[in-house]
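[1] coords please:
(chains A and B)
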Amino acid sequence: MKRLASLACLPVIIALAVTACTSANCVEDTDPLVATNIYSSVKKKTVTCDSIIVTAKSTAGDTIITKEKAVSLFTFTLDPANTQSTLLFKLDNVTDTVVITYTSSPYYISSACGYTICHRITALTSTDNIIDSLVLENKSVTLDGKSNLRLYY
Amino acid sequence: MAKATYVFIISLFIFASAGVAAQDTIMVPLHLRVGVDIARPAGYFINKDLKSFGLQGSFEFSERLAVTGGTIFSHYSVNKETYDYKSQGMTFTLGPDFNLMKPKLSEGKNFIGFGIHYGISFYSHETPRMEYTNAWGTETTSIPSSSHVGHFIEVTPGVRTEVFPGVTMGWNLSLRMLLSDGTKSNLKPVNMPGFGDCSSRVSSGISYFISITIPYHTKRIIIKPREEEEEEEEPAKNEETESGFSSGNTSF
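    Presented below is the predicted three-dimensional model:
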């Protein structure tokens, strides 16, 4: 009986320990972000802008999705329900319209976080009120945190 | 001269027979084993999302080595806030089990050791609903059912003992490493049958087997007694001391 008891108890203890170590909460990033570095079109080096506001233009109305001050890098999300996103970049109080076309695909993160939607940028256009050019550096918009665009102004 | 030769031959026989008498012989039965994993159906009471059933069989080649094969049927269904997911399939594992116990202690009835098994999982999965929300709004979509073949390696440390003649009980951990989930895409399985959540390359589990064992052969094992080993070691120690190896620089 002693032998049976020791056989029975140990795996229960181990199972409880394993269960205790498994997180039920989502602790990971779930939003694939388009990371954009700001460059000086004269110096061809990264520079810090005074302010940047990114507004999402959608049929439901305009929504501010990014608002930063004194940054050389900013990020924003794309519309997961469409294959094209129209954004307003208000850079140092001058506004340009940026249109990004892309494909989307679901991506499984974890049991706790569920799914997200990643993108692959296929086309990029912008007006030139303050933006000199917008260069596509990395087409894949995923959770890897890599830089996607270079904004020259 | 003839008398001396006769005495020499007789003494050789005496020494030789003394040597054989000093050896210990034990008989170890080798078994065929077939078992059912009771941890899987019991686990359903803790996690209602997973229904699974496992069988395992092994063939002992020697007192230390057995080949073990297993099969697991799994059905997983989960409804979470942002997604619903289903998967089901069959998993097969095969590989050697190594008993680390000395034959004299194991007596062919006890096992403390580990196995190294290759696993192959034939499964299908689907996501009937997934929701993703960001600043733009919410996208709700679904991923249709698809079939895949996954591969993994598992190490299974554990113990087993005979509780009644012909019946053994024991448990083992399963420490698994994913080789491939077979999807070739970003859509990793939330639960690959036999492995678990594929968002991580490693997973763990526990099995608790009740098995029936059938002895098919009895192996005779000759064990060298301990006294002889000690006697052989002692002169070696003396040699080291005499030749000056105990100077104190070799204590690392």
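[2] Just the helices from the chain, written as ranges.
    With no chain named, the answer covers chain A. A:2-21 (DSSP state H).
[3] wait, chain B
    Taking DSSP H as the test, the helices found in chain B are B:2-22, B:39-43, B:103-106, B:226-242.
[4] and the shortest one, average pLDDT?
    Read it as helix B:103-106. Mean pLDDT, taken over the full extent of helix B:103-106, equals 84.
[5] Can you check which strand is longest in the chain?
    The chain I'm using is chain A. For chain A, the strand with the greatest residue count under DSSP state E is strand A:94-110.
[6] Chain B, not that one
    strand B:111-134.
[7] What residues sit buried inside it?
    Within strand B:111-134, the residues that qualify as buried by neighbour count (16 or more other CB atoms under 10 Å in any protein chain shown) are B:111, B:113-115, B:117, B:119-121, B:123, B:125, B:127, B:130-132, B:134. Every C-beta, even on glycine, is put in place using the N, C-alpha and C of the backbone.
[8] what stretches of chain A score poorly on pLDDT?
    With pLDDT under 70 as the threshold, chain A has low-confidence stretches at A:1-23.
[9] and if we set it to 50?
    Regions of chain A meeting the criterion pLDDT under 50 cover residues A:1, A:4.
[10] Now do the same contact list for the residue nearest in space to the middle of it.
    In chain A, the C-alpha nearest the mean C-alpha coordinate belongs to A:L33, at 1.3 Å (CA atoms, centre = their mean). The contact partners of A:L33, by CB atoms under 8 Å, 6 or more residues apart in numbering or on different chains, come to A:T75, A:F76, A:T77, A:V141, A:G145.
[11] ok, the fourth one to B:E154 distance?
    Spelled out, it's A:V141. For A:V141, the distance to B:E154 (CB to CB, to the nearest Å) stands at 36 Å.
[12] cool, and A:Y153?
    Summarising the geometry, the distance separating A:Y153 from B:E154, computed by CB to CB, is 55 Å.
[13] for chain A, what are the nearby residues on the stretch 1-150 of chain B?
    Residues of the stretch 1-150 of chain B lying close to chain A by CB under 8 Å from any CB of the partner chain are B:39, B:80-83, B:127, B:130-132, B:134-139, B:141, B:143.
[14] which intervals of chain B have sub-threshold pLDDT?
    For chain B, the stretches flagged by pLDDT under 50 are B:1-21, B:233-252.
[15] If we use 70, what do you get?
    Screening chain B residue by residue with the criterion pLDDT under 70, one finds the ranges B:1-23, B:225-252.
[16] okay but B:G196 is in contact with B:R176, surely?
    Yes. Counting by CB atoms under 8 Å, B:G196 sits close enough to B:R176 to count as a contact (7.5 Å).
[17] anything in contact with each of these two?
    What both B:G196 and B:R176 touch, as defined by CB under 8 Å, 6+ apart, is the set B:S203, B:G205.
[18] check contacts around A:Y39.
    In this structure, A:Y39 makes contact with A:K45, A:T46, A:V47, A:R150, A:L151, A:Y152, A:Y153, judged by CB under 8 Å, 6+ apart.
[19] now, which of these sits nearest chain B?
    Nearest to chain B, judged by CB to the nearest CB, of the contacts of A:Y39 is A:L151 at 19.5 Å.
[20] What is the neighbour count of that closest one?
    Residues lying near A:L151 (other CB atoms under 10 Å in any protein chain shown) number 24.
[21] and it, how far is that from A:A123?
    16 Å.
[22] now B:V36
    59 Å.
[23] cool, and A:V135?
    Distance of A:V135 to A:A123, computed by CB to CB: 13 Å.
[24] more crowded one of those two?
    Comparing A:V135 with A:A123 by neighbour count (other CB under 10 Å), the higher total belongs to A:V135, at 13 against 10.
[25] sorry, back to before: buried ones among the contacts of A:Y39?
    Applying the neighbour count, that is 16+ other CB under 10 Å, the buried entries in the contacts of A:Y39 are A:R150, A:L151, A:Y152, A:Y153.
[26] Cross the residues you listed against strands and list the overlap.
    The members of those that map onto strands under DSSP E are A:R150, A:L151, A:Y152.
[27] can you put those in JSON lines and add distance to B:H217?
    JSON lines is the format used below for these (distance: CB to CB, whole Å):
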{"residue": "A:R150", "distance to B:H217": "73"}
{"residue": "A:L151", "distance to B:H217": "77"}
{"residue": "A:Y152", "distance to B:H217": "80"}
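[28] With respect to B:V159, which of the residues you listed is nearest?
    Sorting these by how near they are to B:V159, with CB to CB, puts A:R150 at the top with 60.3 Å.
[29] Identify the residues contacting the nearest residue to the closest one once chain neighbours are set aside.
    Across the structure, with CB to CB, 6 or more residues apart in numbering or on different chains as the measure, the residue nearest A:R150 apart from its sequence neighbours is A:V135 (4.3 Å). Taking CB under 8 Å, 6+ apart as the criterion, A:V135 is in contact with A:L149, A:R150, A:Y152.
[30] Make CSV out of these and add distance to B:T68.
    Formatted as CSV, the contacts of A:V135 follow (distance: CB to CB, whole Å):
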residue, distance to B:T68
A:L149, 54
A:R150, 57
A:Y152, 63
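[31] Return the member of the residues you listed nearest to A:A60.
    Using CB to CB, A:L149 is the member of the contacts of A:V135 that sits closest to A:A60, with 24.9 Å.
[32] beta partners for the closest one?
    Beta bridges link A:L149 to A:T36, A:L136, judged by DSSP bridges.
[33] And B:E60, by the same measure?
    B:A66.
[34] can you pull the contacts of it?
    Under the criterion of CB under 8 Å, 6+ apart, the contact partners of B:E60 comprise B:L30, B:H31, B:L32, B:R33, B:A66, B:G108.
[35] what's the spacing between the last one and B:T127?
    To tie it back to what came earlier, the one meant is B:G108. When CB to CB is applied, the distance between B:G108 and B:T127 equals 49 Å.
[36] How about the first one?
    Spatial separation of B:L30 from B:T127 under the definition CB to CB is 48 Å.
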